[in-house]
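K.L.:
this one's structure only:
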Ligand SMILES: Nc1ncnc2c1ncn2[C@@H]1O[C@H](COP(=O)(O)OP(=O)(O)OP(=O)(O)O)[C@@H](O)[C@H]1O
C-alpha cells in the first residue's frame with residue numbers, strides 16, 4: 001500500500017546557517033517513524049537521507065552559509081613561516097604516526113613556500129580595502145550632495161580627463177578612460193563636478209592648475225565632488241575594427257587630450273570600448289586588451305575630414321579614388337592614403353610564357369617570367385596594371401575603420417585564397433613556386449588566360465587558357481579578371497574562374513599580385529589572406545642573394561646589383577605605407593628555407609585558425 005509520508009507540522013524554521021540541516025533532521029525523523037509504520041518506500045528514502053555524501057554536502061553547505069555572513073580574514077599573515085617552524089619542531093618531537101603524517105603533509109611541494117601557503121600569505125598581507133578618511137562632520141546642510149572619493153595613487157595614470165565650464169568656472173570630469181584607475185575604482189564618472197582636490201578648492205582654476213595639484217599629490221588623491229545626477233550608461237556592444245589609416249594624437253590639434261589619445265597604424269585591430277561621445281571613441285589595440293583604452297577619432301569625425309579634403313581635390317579621370325589625403329593640412333597628422341585602382345593611362349605589359357617551370361600543370365601555371373619583368377617596370381615608373389575594382393570600392397575607401405569579425409573557416413568550407421604581395425625581386429615567385437612544389441596535392445596556382453596563340457609544347461588549360469580577343473574582352477567587361485594587361489599586342493590575365501577552379505578542386509589557391517589589385521580581390525567569395533613579402537636589410541640582401549639571379553628582358557638573367565636592393569627597399573616602403581592595412585601577415589624573406597617554413601605555417605594557420613576578416617564577408621547582405 002502506497003501512502004504519502006507525513007511529517008509533523010512544526011513552527012517555521014528560519015533558513016539560517018543550520019536551518020537546512022534542522023529541516024532535514026526533522027524530515028529524517030519523520031521518515032524514521034514512517035519506517036516503523038511499514039510505509040512503502042520509506043526504507044529507501046530513509047537510507048538516502050542518511051547517506052554519508054548527503055551529510056557531507058550539508059556540512060559544506062553549513063560552512064558556506066557561515067562564510068557568507070562572516071568576512072574572510074586571515075588568522076595570521078605568515079602561514080609559510082609558521083609551517084617551517086612546525087616542521088623543525090616536528091623533527092625533534094616523538095615520532096608518533098600523527099607527527100609523521102603532519103611532517104609528511106607539511107613537506108609536500110604544494111604546501112611549501114612557493115605554493116599554497118605562500119599564496120595564502122600574499123593574499124593575507126594585502127590590504128584590499130584602504131581605509132578612507134572620515135567624512136568631515138561640518139558639511140553645511142544646504143550644500144549639494146557631495147561625494148568624497150579617495151584613490152590610491154600608483155604608477156598608473158588616473159585615466160580621467162577634466163574640462164572647465166567657461167560660463168560657470170566649474171571643473172568637470174570630461175571622460176573616464178576605460179580600464180584606467182578611475183574607471184576601475186567605479187567612483188568617478190564623466191559629468192562629476194570637482195569641488196576640491198586634496199583639500200584645494202578648484203572652482204575658477206584652469207584645468208592645468210588642477211593637474212598640477214594632482215601631480216603634487218603623493219599616496220592618496222582625495223576628490224570632493226558633486227556627482228552627476230544621471231550617469232550615462234554605456235550600453236553599446238563591443239565593436240572590432242581594422243584601422244585603414246594612421247593616427248597620431250600628438251599631431252592632432254583637435255584631440256581633447258593628447259595624452260589620453262592612442263596612436264594606431266593602418267592594419268591595427270582595435271577594440272572600440274566606448275562610443276558614447278559621437279566624436280571621440282575609446283579603443284584598445286589588440287592583442288593587448290588588458291591595457292587602458294585611449295581616445296581615437298570616431299568614424300564620422302574622420303569621414304567628415306576625408307570628405308572635406310575629397311572635395312578640395314581635383315577629380316582625376318578613370319580613377320575611383322587615388323589620393324593622398326591629410327587630415328590636417330598644416331601638420332600632416334593623419335595620412336589617409338587610399339587608392340582604389342582602375343587606372344587608365346598605361347597598359348601593363350603582361351605575361352609571355354614560363355621559361356623554367358614546365359614540369360607539370362601545377363607548377364607551370366601562372367609562373368610568367370615576362371609578367372614579373374613588366375611588374376618591375378610598372379613599380380619603377382609608378383604605372384599600374386588594370387585591376388578589378390571592388391563593388392563596395394568607394395564606400396570602403398571612405399571608411400577609416402573597417403568592421404571586422406573573427407572568422408574560423410569550417411573544414412567543409414572552401415579554402416581561403418592566399419595572396420602574396422611584394423616588391424619585384426624580393427622572392428614572391430620563388431616562395432610561391434616552392435610552396436606548390438612541396439605541396440602539389442594541396443596547393444596550386446590558377447591558370448592564366450591569354451589571347452596569344454599556343455606554342456607547340458603548350459597544352460590548353462595547363463600553361464594558359466587560350467581564348468579569342470573577343471572572349472577576353474567580354475570577360476574584362478564583366479569584371480572577371482583580378483589583373484590583366486597587354487604584352488606584345490596580346491592580352492594576359494588572371495581570372496576569378498581559374499581561381500575558383502582551384503578552390504573547387506579542394507586545393508589551396510595561391511596567387512601573387514600587384515598591391516593595387518588588393519581592394520578588388522577582397523571579396524566574401526575569395527576571403528583572401530594577404531601575405532606581404534619584405535626584403536631584409538640591404539646588407540643581409542647582399543649576403544643572401546650572392547648566387548641569386550634577377551630576371552631580365554633577355555633570356556640570360558643577371559646577378560643582383562646594389563641599385564636593385566635599394567629600389568626594392570624603396571618600393572617596399574611605398575607599398576607598406578599605402579597598403580599595410582590589407583596585409584594579414586608579413587614575412588621577411590631573409591633565409592629562403594626559413595621563409596618557406598614560415599609561409600607554409602602561415603598558410604596553414606590562415607586556413608585552420610580564427611582570423612580577423614571584414615564583417616561584410618560573413619554578412620554579405622550588409623555590403624552596400
Ligand atoms: N631568401 C632568398 N635567398 C636567396 N635567394 C632568393 C631568396 N628569395 C628569392 N631568391 C632569389 O631571388 C631571385 C628573385 O626572386 P623571384 O623571382 O622570386 O622574385 P620576385 O619577387 O618574383 O620578383 P619578380 O616579380 O621581379 O620576378 C630568384 O633568383 C630567387 O631564387
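P.N.:
Looks like it came in fine. Just so it is clear, the structure is predicted and the values come from calculations on it, not from any experiment.

K.L.:
List the buried residues of stretch 534-545.
P.N.:
For stretch 534-545, a neighbour-count test (16 or more other C-beta atoms under 10 Å) marks 534-536, 541, 544-545 as buried. (Each C-beta comes from the backbone N, C-alpha and C, glycine too.)

K.L.:
Restricted to strands, list these.
P.N.:
With strands defined by DSSP state E, the entries of these inside them are residue 534.

K.L.:
what element comes up after whatever helix or strand residue 492 lives in heading to the C-terminus?
P.N.:
Here residue 492, judged by DSSP states H and E, is contained in strand 490-495. Sequence-wise, the next helix or strand downstream of strand 490-495 (DSSP H and E) is helix 496-504.

K.L.:
ok, back up a step: neighbouring strands for the strand holding residue 492, and are they parallel or not?
P.N.:
In the sheet, strand 490-495 lines up against strand 449-450 (antiparallel), strand 481-487 (antiparallel) (DSSP bridges).

K.L.:
where does the stretch 151-300 of the chain dip in pLDDT?
P.N.:
Counting by pLDDT under 70, the stretch 151-300 of the chain has low-confidence residues at 232-236, 290.

K.L.:
redo that, cut-off 90
P.N.:
151-171, 173-191, 197-224, 226-239, 245-260, 273-278, 286-293, 300 (pLDDT under 90).

K.L.:
could you show me where the helices are in it, in order?
P.N.:
With DSSP state H, counting those that start in this stretch as the criterion, the stretch 151-300 of the chain has helices at 181-185, 207-216, 299-312.

K.L.:
Could you pull out the buried residues of the second one?
P.N.:
Yep, that's helix 207-216 we're talking about. Neighbour-count burial for helix 207-216, with 16+ other C-beta under 10 Å as criterion, is recorded at 207, 210-211, 213-214.

K.L.:
Quick check: residues of the protein near the ligand?
P.N.:
With C-beta under 6 Å from any ligand atom as the criterion, the chain meets the ligand at residues 372, 375-376, 422, 424-430, 544-545, 548-551, 589, 592, 595.

K.L.:
Please, a ChimeraX command that selects the buried ones among these?
P.N.:
Those of the residues of the chain next to the ligand that count as buried under 16+ other C-beta under 10 Å are selected in ChimeraX with:
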select :372,375,376,422,424,425,426,427,428,429,430,544,545,550,551,589,595
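
K.L.:
about what we covered before: now distance to residue 47 too, for the buried residues of helix 207-216, in a markdown table please.
P.N.:
Below are those laid out as a markdown table (distance: C-beta to C-beta, whole Å):
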| residue | distance to residue 47 |
| --- | --- |
| 207 | 74 |
| 210 | 73 |
| 211 | 73 |
| 213 | 73 |
| 214 | 69 |
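
K.L.:
out of the residues you listed, which one sits closest to residue 23?
P.N.:
Each of those was scored against residue 23 by C-beta to C-beta, and residue 214 proved nearest at 57.0 Å.

K.L.:
correct me, but residue 453 touches residue 466?
P.N.:
Yes. Counting by C-beta atoms under 8 Å, a contact exists between residue 453 and residue 466, whose distance comes to 7.1 Å.

K.L.:
of those two, who's got more company?
P.N.:
When neighbours are counted by other C-beta atoms under 10 Å, residue 466 comes out ahead of the other of residue 453 and residue 466, with 16 against 8.
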